[in-house]
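Q: Could you look at this predicted model? Sequence included:
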Amino acid sequence: VQLQASGGGLVQPGGSLRPSCAASGSIFRFNEMGWYRQAPGKQRELVAIGTTGGSTNYADSAKGRFTISRDSAKNTVALQMNSLKPEDTAVYYCKAVHFDGSFYRNYWGQGTLVTVSS
């Protein structure tokens, strides 16, 4: 299973980006798909995640500005990011979680860089 993320880039403060992530090589639906980010010198942190049941969870820093959307049937997930701030600058990683009946398995994409700067 591979996760391919795209859609990062350079944007001015207040701007928007919409990174997306697609899974390949998977024959099952993921229980969760979402986004984490890692800024230079900091630990990786949750941004937003969505479950197959439709529930979502956002970091406080993302609430009101970011919206996660996923297509469970296609195993894709996107993150609409609005009102971007310089502190949103980070490498954004998509993550997928699958429960096979016995174990939870995590899958990570390669990351896409988001830079918010004037």
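A: Okay, I see it.

Q: Just want the most central residue of the chain.
A: With distances taken as CA atoms, centre = their mean, the residue of the chain nearest its centroid is Trp35 (2.2 Å).

Q: In terms of helices and strands, where is it?
A: strand 32-38 (DSSP states H and E).

Q: Please state the offset of stretch 93-104 from the chain centre?
A: 15 Å (CA atoms, centre = their mean, to the nearest Å).

Q: That one spans what distance, first to last residue?
A: 18 Å (CA to CA, to the nearest Å).

Q: and it, average pLDDT?
A: Stretch 93-104 shows an average pLDDT of 93 in the prediction.

Q: Which positions within it qualify as buried?
A: For stretch 93-104, a neighbour-count test (16 or more other CB atoms under 10 Å) marks Tyr93, Cys94, Lys95, Ala96, Val97, His98 as buried. Glycine gets a C-beta too; all of them are placed from N, C-alpha and C.

Q: Need the three-state assignment for the residue of the chain most remote from its centre.
A: The outermost residue of the chain relative to its centre, with distances by CA atoms, centre = their mean, is Ser102 at 25.1 Å. Counting by DSSP: H, G, I helix; E, B strand; the rest coil, the backbone at Ser102 sits in coil.
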